[in-house]
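[1] Quick one, structure for this:
(2 chains)
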There are 2 protein chains.
Amino acid sequence: MHRAIATVSLSGTLRQKLEAIAAAGFDGIELFEADFVNFRGTAAELRRIAFDLGLSIDLYQPFRDFEAMPEPQFQRSLERAERKFDLMEAMGAPLVLCCSNTSPLSVNDPARAAAQLHELAERAARRNLRVGFEALAWGRHTSRYAQAWDIVQRADHPHLGLILDSFHTLSLKDDPSGIAAIPGEKIFFVQMADAPLLSMDVLQWARHHRSFPGQGDFDVTGFFEQVLRAGYTGPLSLEIFNDIFRETPNRRTAVDAMRSLLYLESETRERLAAGNVPAQPQRVELFNPPPAPALSGLSFIEFAADEASAVTLGALLGQLGFRRVGRHRSKAVTLYRQGGIHFIVNAQPDSFARRRFEAHGTSVCALGVRCADPLAAVGRATAMRSQRHDSPVGPNELRVPAIVAPGGNLIHFVPEALGDSGLYETDFILEDAGPEGSDAGLTRIDHVALGLALDQLDTWVLFTRAVLGLEPGESLELADPFGLIRSRGVANADRSLRLVLNVSLSQRTRTARTLSVTGGGAVHHIALDCDDIFETVARLRANGTRFVPISDNYYDDLATRIDLAPELLARMRAAGVLFDRSPAGDYLHIYTESFEGGLFFEVAQRVGGYDAYGALNAPARMASQAQQ
Amino acid sequence: MHRAIATVSLSGTLRQKLEAIAAAGFDGIELFEADFVNFRGTAAELRRIAFDLGLSIDLYQPFRDFEAMPEPQFQRSLERAERKFDLMEAMGAPLVLCCSNTSPLSVNDPARAAAQLHELAERAARRNLRVGFEALAWGRHTSRYAQAWDIVQRADHPHLGLILDSFHTLSLKDDPSGIAAIPGEKIFFVQMADAPLLSMDVLQWARHHRSFPGQGDFDVTGFFEQVLRAGYTGPLSLEIFNDIFRETPNRRTAVDAMRSLLYLESETRERLAAGNVPAQPQRVELFNPPPAPALSGLSFIEFAADEASAVTLGALLGQLGFRRVGRHRSKAVTLYRQGGIHFIVNAQPDSFARRRFEAHGTSVCALGVRCADPLAAVGRATAMRSQRHDSPVGPNELRVPAIVAPGGNLIHFVPEALGDSGLYETDFILEDAGPEGSDAGLTRIDHVALGLALDQLDTWVLFTRAVLGLEPGESLELADPFGLIRSRGVANADRSLRLVLNVSLSQRTRTARTLSVTGGGAVHHIALDCDDIFETVARLRANGTRFVPISDNYYDDLATRIDLAPELLARMRAAGVLFDRSPAGDYLHIYTESFEGGLFFEVAQRVGGYDAYGALNAPARMASQAQQ
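    This is a model prediction of the structure:
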């Protein structure tokens, strides 16, 4: 498909936007009028800049408050249109977006709207330009695509067609299935936007909270499916008004934008293929990447360290019941193990890990994800515009393919065929150096929680969906004593791989302060599963592990909220264990104190089908951390 | 009145909150349950801490989802209530807030609600506690105070009364006038909250966007008037859920909170006094500060500088057509004048100005406001919890009373009786050193625009209303290429004094970057009036002043938006002058380039009754600045 994006979707000056859009591989742009009004150059100069960057100017937008007006306003608007047509000719934009009228002067008269749009199209036709009519969700008399299509049909002019925007249809919960019946060639342009489900005025929602397909809650593939069924072959474009995108570095936004279109195309392609209704003859080629990888949990977590901090971190891991079980064949890398959990401490000079250490201190620098077909997973990732990363590999060592996650950490795809320890048997000289403390019964990695800057949440949601095939859960807001945290879990279908994305809306929370140290995208804490949390906590305390203390008041309150056996409540109170219950099951958990003021661990026990992360207990943890 | 605040209204741990609340002079608190749940101490310990700080615990809140429930849930809730009553006894909290039920299990049966609340009140009475019932705006069956009052009357128990919250009434546009008919002693507690008018789900609005009285758009004094007419004599409290307050340093929030109550009391007092309906016999004493000052424009603006930057700044002022007309009798301070505008450049070592210079670079450090009665103005300010500032005064110099504005700059009150130049004739040795360039026809200070951190906007709105007697205008959002700016003008009634409060919602705009240099609360630009902008701009250009260039496209677009004489359009295009039109008049304006990357000037000409600031042209300026 011809892929485009509206200039309003990115931050920067118009020239910077065009450069970012071109670098991300787009074919064209929608020019947002305000960007041109404030551009210091002529329309012809803009045309040259776009041409040099390999971008077409597919659409000029918006042209407002035109149709169904009294005669004097109509004549003035035609004059206004001629001036915009002058510009479009000079910049080589073939199509203008005319959005449905919001003016109180407009009348509820589709026939008049059609007649006036006919005249506008006739003026456009004289210059070989075209007019696309779009129903704004908050249009005064025309707010749904079916109404706009009715008016376009009445106007009956070859230079007048329909423009569709998924936001305007899906925000009104309008049914997109009628789109398939519209002749594809009368749909002049399609804008795709997703959005989180919010209960607010649709205009405010539209102006501030749209997002790229795959970042929100709308059924955008369902919408796009109808567009394709109609036989549409024009540009596939993104028009996203989003307060955060306005401040996000535009190179990142442009990559997210392209990834979202590729994801939309590939998902819609699968949906069409799986559909029972036969699709129209395939008139456009949809992006067809390798399938999303089948992942099965985390094989390892790798920490960046230097010589000194590797020792400190090793001692901490010992307290957590890990045994040092190997050293790398060719690098200053140590392997720790407990149950099915592998932690790698990488203190190799001149390595990727060392560069991460220098930038961010002792921190997680890589995740190892078990994967049936690592090369296909990397193929999927690079197709979805992630970068592949190749580390130096010594003789007789395995090459584990890796990609770069947003923020710069690595994700390794560990072949499942190697079994639970194949990778380590190959790359490491195994030598059981014994524990610092005793095994604590930790069995596997439950989830990894990331602390993200505000403008990274949407990036991560899309990355984890499009590249890793994970699905996001509910978005929650949690009160830290110094501001709100937004928290959203993402997981694969069998829940063997879970990440939690935490964003601080404040600059003053612990999460934000950790971020300012680590530069964002950092692992905030690691949750480890066990089978008997009381036994595990007792052993960990005996090993010297310190946990964040929980107020007695928490347990008094818990008892008023949830019917619990008094013995269980007493054990939790004594151990400092937190509790959450869903209809499907329970979650018992506890947090360790921080390592060097940053990273900490969570010990968790899932009971039954509990499928969340105890987020409602996070305020107890954050308040406790703040009181220390 | 007994003044209180809910602990949820401030950031920090519970102990930090109590300390900030006590320091601001409050009498009591509402204890928000989550603050206690996460507090690491017992109820008795909390009671001691509050007692030591001179704070009473007036209310424990909230107790949710109680009334009008099926029998099994009702019995469980009574059990839950007994546990909360245990806590209230231990902490000495006499009253619990029971908010109307939101549970889908609750039934629409006021008689049952009343019977169950009666039982709750009976349980409370056994311990000499009381229950207050409040209608939540999103309560399932009870959302208005009249419904809650009906249920309280039916329940008819001396330990059950009504709790009123202005947010829940005013957000639903419910009429508060029925409150006056409720017996004052049956109103157990009153919570005051203001809010900006937003079109969103009332629950989201309530949880994230309340503000202190005087910071929002609600008629809070009208609400409070009805409460007083009812004969209410209980606590006056603030319960504010606000995302930004959650991260604002709590000492500032607490001062804002106290100021808002004092302002509410004094405004309501005036309203009662002015009312035609005779008030109830005055049963409570309302705060009675000196009246808001009568201000009449800016007499001077003072810049902080050192020896070197004083020279550079002087040269810039010369280019702007100012003459150096005096030096201070005892300090390294220089006076510049043009028309009715006085600029003071203060390079005195060891002065307030020098400390501001060292912290923020060359910047505005004080405003001089003309005032009929400066001492009364300072009295008003200190009554409203602003700090007085006294500078060293030399022999034969005038003492001009000053106060500290939020962020640390000074506001001097210059006696009107001194006339236009009396102050300067006394304090300065006048000596016309001649201009660097020629007079440019600038006549007066139109407005001063401030660049504020996000958490300072509400603080400034309240400060300018309560302390200076200004009134805020419309709040606008403006697109900078790197994020949104929120802009709000505040002005006195005759518009002789205007400030514009600009907040960057992004960290990457020019406004935000200036802030990060100057630490917030900084003067962002100064707008100066003239009578003929084309003549003034021509003279300024001849003097060497450089203006931010405006795109030709701006003028092409302007011509399509507004009917303008072609000659005027051509003159504006040639001069780079921007244009705005309101029904009342026109605004022509232009911006200079920045001084040292920060402060800049605006030259403006108001035509007719234009009453705004050309904010819609700010994006053209910001885009141009970004392209440089």
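[2] Now do the contacts for the residue of the stretch 51-200 of chain A found nearest chain B.
    Nearest residue of the stretch 51-200 of chain A to chain B: residue A:199, at 3.3 Å (C-beta to the nearest C-beta). Every C-beta, even on glycine, is put in place using the N, C-alpha and C of the backbone. Residues touching residue A:199, when contacts are defined by C-beta atoms under 8 Å, 6 or more residues apart in numbering or on different chains, comprise B:200-201, B:203-204.
[3] Low-confidence stretches in the stretch 251-400 of chain A?
    In the predicted model of the stretch 251-400 of chain A, residues A:276-282 satisfy pLDDT under 70.
[4] Strands of that one, residue ranges please.
    A:295-304, A:323-328, A:333-338, A:341-346, A:363-371, A:387-389 (DSSP state E, counting those that start in this stretch).
[5] what stretches of the stretch 501-628 of chain A score poorly on pLDDT?
    Regions of the stretch 501-628 of chain A meeting the criterion pLDDT under 70 cover residues A:514-521.
[6] How about the residues of it by chain B?
    With the criterion set to C-beta under 8 Å from any C-beta of the partner chain, the stretch 501-628 of chain A comes near chain B through A:505-509, A:549, A:551-554, A:556-557, A:559-561, A:619-620, A:623-624, A:626-627.
[7] Cross those against helices and list the overlap.
    Where those overlap with helices, as defined by DSSP state H, the overlap consists of A:552-554, A:556-557, A:559-561, A:619-620, A:623-624, A:626-627.
[8] ok, these vs residue B:327, which is closest?
    Ranked by distance to residue B:327 (C-beta to C-beta), these are led by residue A:626 at 52.7 Å.
[9] on that earlier part again, which of the ones in helices among the residues of the stretch 501-628 of chain A next to chain B sits closest to chain B?
    Compare each of those with chain B using C-beta to the nearest C-beta and the shortest gap goes to residue A:623, at 3.4 Å.
[10] Spell out which parts of the stretch 1-150 of chain A neighbour chain B.
    A:11-13, A:15-16, A:33-34, A:36-43, A:79-80, A:83-84, A:87.
[11] returning to that earlier point: buried only: go through the ones in helices among the residues of the stretch 501-628 of chain A next to chain B for me.
    Applying 16 or more other C-beta atoms under 10 Å in any protein chain shown to those, the neighbour count classes A:553-554, A:556-557, A:559, A:619-620, A:623-624, A:626-627 as buried.
[12] Need the max-distance pair from the residues you listed.
    A:559 and A:626 (24.3 Å).
[13] and the helix or strand containing residue A:429, which strands flank it?
    Counting by DSSP states H and E, the element that carries residue A:429 is strand A:428-430. On the basis of DSSP bridges, the sheet neighbours of strand A:428-430 come out as strand A:323-328 (antiparallel).
[14] okay, the angle between the strand it pairs with and strand A:341-346?
    Comparing the axes of strand A:323-328 and strand A:341-346 via axes from the mean of the first three to the mean of the last three C-alpha atoms, to 10 degrees yields an angle of 50 degrees.
[15] From the chain's centroid, how far away is strand A:323-328?
    Here strand A:323-328 shows a centroid-to-chain-centroid distance of 36 Å under the convention C-alpha atoms, centre = their mean, to the nearest Å.
[16] go on, stretch A:301-319?
    Worked out by C-alpha atoms, centre = their mean, stretch A:301-319 lies 31 Å from the chain centre.
[17] Tell me which residues of that stretch come out buried.
    For stretch A:301-319, the neighbour count (16+ other C-beta under 10 Å) marks A:301-306, A:309-310, A:313-314, A:316-319 as buried.
[18] which of those residues lies closest to chain B?
    Set against chain B, the nearest of the buried residues of stretch A:301-319 by C-beta to the nearest C-beta is residue A:319 (23.6 Å).
[19] Look up how far residue A:465 lies from the closest one.
    For residue A:319, the distance to residue A:465 under the criterion C-beta to C-beta, to the nearest Å works out to 37 Å.
[20] now residue A:30
    Applying C-beta to C-beta to residue A:30 and residue A:465 gives a distance of 25 Å.
[21] Compare those two (neighbour count), which wins?
    Remark: of residue A:30 and residue A:465, residue A:30 carries more neighbours, 26 against 21, as counted by other C-beta atoms under 10 Å in any protein chain shown.
[22] hmm, back to that, between strand A:333-338 and the helix or strand following the strand holding residue A:429, find me the angle.
    Toward the C-terminal end, the helix or strand that comes next after strand A:428-430 (DSSP H and E) is strand A:442-452. Strand A:442-452 runs at 120 degrees relative to strand A:333-338, counting by the same axes, to 10 degrees.
[23] how far off strand A:363-371 does strand A:442-452 point, in degrees?
    Here strand A:442-452 points in a direction 120 degrees away from that of strand A:363-371 (the same axes, to 10 degrees).
[24] in its sheet, what does strand A:442-452 sit against?
    According to DSSP bridges, strand A:442-452 has these partners: strand A:498-504 (parallel), strand A:522-530 (antiparallel).
[25] returning to what we had before: distance to residue B:480 for the ones in helices among the residues of the stretch 501-628 of chain A next to chain B - can I get that in CSV?
    Below are these laid out as CSV (distance: C-beta to C-beta, whole Å):
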residue, distance to residue B:480
A:552, 50
A:553, 46
A:554, 44
A:556, 50
A:557, 45
A:559, 52
A:560, 49
A:561, 46
A:619, 35
A:620, 39
A:623, 36
A:624, 40
A:626, 34
A:627, 39
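[26] which of those lies closest to residue A:181?
    Top of the list for closeness to residue A:181, among those and by C-beta to C-beta, is residue A:619 at 50.9 Å.
[27] ok, now how distant is residue A:275 from residue B:274?
    70 Å.
[28] higher neighbour count, those two?
    Higher neighbour count among residue A:275 and residue B:274: residue A:275, with 11 against 7, using other C-beta under 10 Å.
[29] ok, the more buried one to residue A:226 distance?
    Computed with C-beta to C-beta, the distance linking residue A:275 and residue A:226 is 11 Å.
[30] Start and end of stretch A:554-570, how far apart?
    Distance between the two ends of stretch A:554-570: 12 Å, counting by C-alpha to C-alpha, to the nearest Å.
[31] Tell me if I'm right that residue A:618 and residue A:477 touch.
    No. If you go by C-beta atoms under 8 Å, residue A:618 and residue A:477 don't touch, sitting 10.5 Å apart.
[32] Please parse chain A into its domains.
    Chain A breaks down into these domains under automatic domain parsing: A:3-274, A:295-430, A:442-627.
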